[in-house]
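Enquirer: Let's see this in three dimensions:
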Amino acid sequence: MSTVSQLIINALDECNVASDLDSYSEKELSDARTTLNQLMFSLPNIGKQIFKREEGTQSFLDTVSSFSLPSTYYDLDSAYISYGGFDSDLGELSIGEYRSISNKSSEGRPTHYALFYKSDFTVEVKLHPKPNITGVSGYIFNYVGILNHINYTTNTSNLSSPSNYYLALKWALANELSNKFDVPVDKQLIIEKKAKEALENANKNNMGHKKTYTISGAF
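Expert: Next up, the predicted model:
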């Protein structure tokens, strides 16, 4: 098992910064933790494939315009509506596109969805039109979701991920920290290359990979 502190030390060590936790100031460690938290949200935008996926469904007891994904999910890869034995794909709208819809209260078979990322780290799914056939035999929202590595809704920082994710995250963090410290340009270029290679490797080997690392510790 690795810890967040160890991950930070490993990343700093790649930058040739002293690899001893006691050698860092409180501000340096705080900055590193902040950078790491930012990476947890920026990395999916660079390479979503390093995140695990699970399928899920959402049924509707009544006509609603939105619902929240379980806290274990960070994002959606795809979604479709099923009803009466037939499936139909849903198009994803940007927040701006959804807000521009004038008849948000219209009801019918949902054709589009939009994701709203809340300040408490939950994800709200907006549907359009609102489902007008509800209950056990009504419309069902089916999705392939991308799982969080950290359950931000509880006081924990347990992290479970494909084994090659640890290297991708370490080098990504080192790449970010190299810009904060006085790291020589030639060393920065090496770190940047390593970060790209590690991310590509994580993406390439993610599917079907069951071995995981667990990273825990206070963020």
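
Enquirer: Could you check how far the residue located most distally from the centre of the chain is from residue 110?
Expert: Using Cα atoms, centre = their mean, the residue of the chain lying farthest from its centre is residue 84. It sits 32.7 Å away. Between residue 84 and residue 110 the computed distance is 14 Å (Cβ to Cβ, to the nearest Å). From N, CA and C alone the C-beta is placed, and that goes for glycine too.

Enquirer: mind listing what's buried in stretch 139-146?
Expert: 139, 140, 141, 143, 145, 146 (16 or more other Cβ atoms under 10 Å).

Enquirer: Mind checking which of those residues are in strands?
Expert: Within the buried residues of stretch 139-146, residues falling in strands by DSSP state E are 140, 141, 143, 145, 146.

Enquirer: can you put the residues you listed in JSON lines and add distance to residue 36 and pLDDT?
Expert: Shown next, in JSON lines, are those (distance: Cβ to Cβ, whole Å; pLDDT from 0 to 100):
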{"residue": "140", "distance to residue 36": "37", "pLDDT": "97"}
{"residue": "141", "distance to residue 36": "33", "pLDDT": "97"}
{"residue": "143", "distance to residue 36": "28", "pLDDT": "96"}
{"residue": "145", "distance to residue 36": "23", "pLDDT": "88"}
{"residue": "146", "distance to residue 36": "19", "pLDDT": "79"}
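
Enquirer: tell me the helices in this protein, going along the chain?
Expert: 4-14, 26-46, 95-99, 163-178, 185-204 (DSSP state H).

Enquirer: just the ones you listed: most buried one?
Expert: Of all those, helix 163-178 has the most neighbours on average by mean count of other Cβ atoms under 10 Å, namely a mean of 23.
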